[in-house]
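In: what follows is a predicted protein model with its sequence.
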Amino acid sequence: MKNSRLFEILYLLVEKRAVTAGELARRLEVSERTIYRDVDALSAAGIPVFTQKGQGGGIRLMDQFVLDKALLSQEQQDEILFALQATLATGGRPEDGTLSRLTALFRREGGDWLEVDFTDWGSGAAERETFALVKGAILARRPLTFTYYSSAGETSRRTVEPARLVFKGGCWYLSAFCQKRQDWRVFRLVRMENPALAEGTCPPRRPPERLEPPPPAGYRDVELRLRFAPSAAWRVRDYFHPRQITREPDGHLLVCCNFPEDQWLLSFLLSFGSQLEVLSPAYWRDVLVQESKKISDLYET
C-alpha cells in the first residue's frame, strides 16, 4: 500500500510540479504527518523532492526532473503506451489510471493520441461477453464447450481445452485442443454459439507456434483471376494485398489470388454479385452460373 501511495505522490508531483501536504493528505486519505514521512522516503530513494515554505510553497520536484531518457527512448515510451492501451482494449485489466500516469510521466501532450478497439463495428455486449468467457477459461485452465459453425458449412458441438487468444486479420481466434478431433484447432470467436465452461481442468499442453492448422485431407487450392468493377474497389482493398491488385485504365481491378476450394469461397465470390467476373479457371464460372440459377429459382417460386 505504501509503495502505491509513493508512486501516486510522484505521479502528482510530475504532473503538477508542486502540491501542498494538505492536498496530498486529502487525496490519499492519510494524515499530513504520513505525507511528510512519504516525502522523506522519496528523497531517500534519490527522488529530488523538497518542501518549500511560504506563499506558493508546498512539496515540489526539481524542475529538471523527468523520467530518465537514457532508460527509455521516445520510441520505447510510445511502444509502452501502445501496449498498455491495447491491453486495456481487450479487457485484460481494469483501467486504474496507469495509462494517464505514464502519459504524464513521459511528458506526452494529448493523452488521447491513440485508441485501440478490437471489437467489430456494431458489435454488442454478447461479443464482449464471449471474449471475457474465453479469456477466463484460458486463465483458469477450464474446458470450454460451444456450438461451432465452420467455413465448410458444418455445425458441431465442441469441447475444447483453450490455450491462446490470437488477433489476426481483423478477427479474434481461439487456439485450442479439440477433444472431439484429438488435435489442435483454430476457432473464430464470432462463429462460437452458446459458449460455456465445462467441468474439470485442462492438462498442460503447449499450443503450436503457427496459428494456421495443417490442410485437411482432400484439401484443394485454386488459383483465381478475378475482375472487379470500380464500385467494388473498397472491398477489394479490404480483402486483398496491394501486390495482388492491378488497376486497368477503365478503373476495373484485376486480382490474382489463391484460395482453398470450399463453401466459403463460393459464398465469398457470390457476395460481390455483378461487381465480379471470374476470368479463370473456367469451371468456376460454371459453378457461379449454377448457383445463381438456384438463387433465381428460389425467388421466382
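Out: Thanks, I have it. None of these values were measured; they are calculated from a predicted model.
In: for the helix or strand where D40 lies, what is the distance to the chain centroid?
Out: Using DSSP states H and E, the secondary-structure element containing D40 is helix 32-44. Helix 32-44 sits 41 Å away from the centroid of its parent chain (CA atoms, centre = their mean, to the nearest Å).
In: elements contacting the helix or strand just after that helix?
Out: Along the chain past helix 32-44, the next helix or strand (assigned with DSSP H and E) turns out to be strand 49-52. Applying 3 or more CB pairs under 8 Å, 6 or more residues apart in numbering; DSSP states H and E, we find strand 49-52 packed against helix 32-44, strand 58-61. Yep, even glycine has a C-beta here, placed from its N, CA and C like the rest.
In: buried ones in stretch 141-161, by neighbour count?
Out: Buried residues in stretch 141-161, counted by 16 or more other CB atoms under 10 Å: R142, P143, L144, T145, F146, Y148, R158, V160, E161.
In: average pLDDT across it?
Out: When the per-residue pLDDT values of stretch 141-161 are averaged, the result is 90.
In: how long is it end to end?
Out: 8 Å (CA to CA, to the nearest Å).
In: right, and I9 touches L24 too?
Out: Yes - the pair I9 and L24 passes the contact test of CB atoms under 8 Å, sitting 6.1 Å apart.
In: between these two, which contacts overlap?
Out: When CB atoms under 8 Å, 6 or more residues apart in numbering defines a contact, the residues bordering I9 and L24 alike are I35, I59.
In: how far off centre is the lengthiest strand in the chain?
Out: Among the elements of type strand in the chain, defined by DSSP state E, the one spanning the most residues is strand 155-168. Relative to the mean C-alpha coordinate of its chain, strand 155-168 is positioned 16 Å out (CA atoms, centre = their mean).
In: same question for stretch 268-285.
Out: Shown here is stretch 268-285, whose average C-alpha point lies 33 Å from the average C-alpha point of the whole chain (CA atoms, centre = their mean).
In: tell me which residues in that stretch are buried?
Out: When neighbours are counted by 16+ other CB under 10 Å, the buried residues of stretch 268-285 are found to be L269, F272, Q275, L276, V278, W284.
In: ok, the closest residue in space to L254 that isn't next to it in sequence to Y283 distance?
Out: Closest residue to L254 apart from its sequence neighbours, by CB to CB, 6 or more residues apart in numbering: T246 at 4.3 Å. Remark: distance between T246 and Y283 (CB to CB, to the nearest Å) = 23 Å.
In: one more: R185?
Out: For R185, the distance to Y283 under the criterion CB to CB works out to 30 Å.
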